[in-house]
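>>> what's the 3D shape of this:
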Amino acid sequence: MANTGNINLLQLDTGILPKDACIVMVKTEWNAEIIDELEAGCLRVFSANGLDRITTLTVPGAVEIPFAVKSYWETKKYLDDRPHAFIALGCVIRGDTPHFEYVCQAVTHGISQLNLTLPIPVIFGVLTVNNDEQAKERIGGKHGHKGEEAAITAIKMIALQRSFKK
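Reported below is the predicted structural model:
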């Protein structure tokens, strides 16, 4: 989403909210100032909607996110506290080498694969930007707050999945 023109995204009209849902955020250590604000945005949305079963895992970088998601799911999938959704939070900023493309491709592919193989959604909250200014525009600037959007998306996807069971 390039701008905040999609007003429907920010509306939670999912009926009964999944207040018992367990959500796991997997965040990176890189670009901590941006990541911490993405996480804070998620937590604001969850708190405002009465969701309190939130776990945060920290990984070194974006490429490690899919591994952490898959490993956590494999550990918890048969337990009562298994997650109902994951949110991947990262920020990859373009540099002077092709490293940016490799990292972005790897994390995008990894999260896409998880969405096709896990029975729960993995929300893509990884910023892929050219510079710090673009990152800041996405944590409450002219491009909205991508952390809040990721949390809303997680809630909507949990509600959608639960609607299939009715």
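>>> all helices in this structure, in order from the N-terminus.
32-48, 65-76, 99-117, 132-137, 146-163 (DSSP state H).
>>> Tabulate the CA atom coordinates of the second one in CSV.
This file holds the C-alpha atoms of helix 65-76, laid out as CSV (Å, rounded to 0.1, in the frame of the first residue of the first chain):
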residue,chain,number,x,y,z
ILE,A,65,12.3,-14.2,10.6
PRO,A,66,10.9,-17.3,8.7
PHE,A,67,13.1,-19.7,10.6
ALA,A,68,11.9,-18.2,13.9
VAL,A,69,8.2,-18.4,12.8
LYS,A,70,8.6,-22.0,11.7
SER,A,71,10.5,-23.1,14.7
TYR,A,72,8.1,-21.5,17.1
TRP,A,73,5.1,-23.0,15.4
GLU,A,74,6.7,-26.5,15.4
THR,A,75,7.3,-26.1,19.2
LYS,A,76,3.8,-24.8,20.0
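>>> So for stretch 101-114, mean pLDDT?
For stretch 101-114, mean pLDDT is 97.
>>> again, but for stretch 79-93
96.
>>> Pull up the distance across it, start to finish.
One end of stretch 79-93 sits 37 Å from the other (CA to CA, to the nearest Å).
>>> For it, buried residues please.
83-93 (16 or more other CB atoms under 10 Å). In this view, the C-beta of every residue, glycine as well, is placed from N, C-alpha and C.
>>> Of all pairs in those residues, which one spans the longest distance?
Maximum pairwise distance among the buried residues of stretch 79-93 (CB to CB): 30.9 Å, between 84 and 93.
>>> Could you list which residues are in contact with the residue nearest the centre of the chain?
In the chain, the centroid-proximal residue (CA atoms, centre = their mean) is residue 87; its distance is 2.8 Å. For residue 87, the contact set (CB atoms under 8 Å, 6 or more residues apart in numbering) comprises 23-26, 42, 122-123, 125, 150-151, 154.
>>> That's all I had, so thanks and see you.
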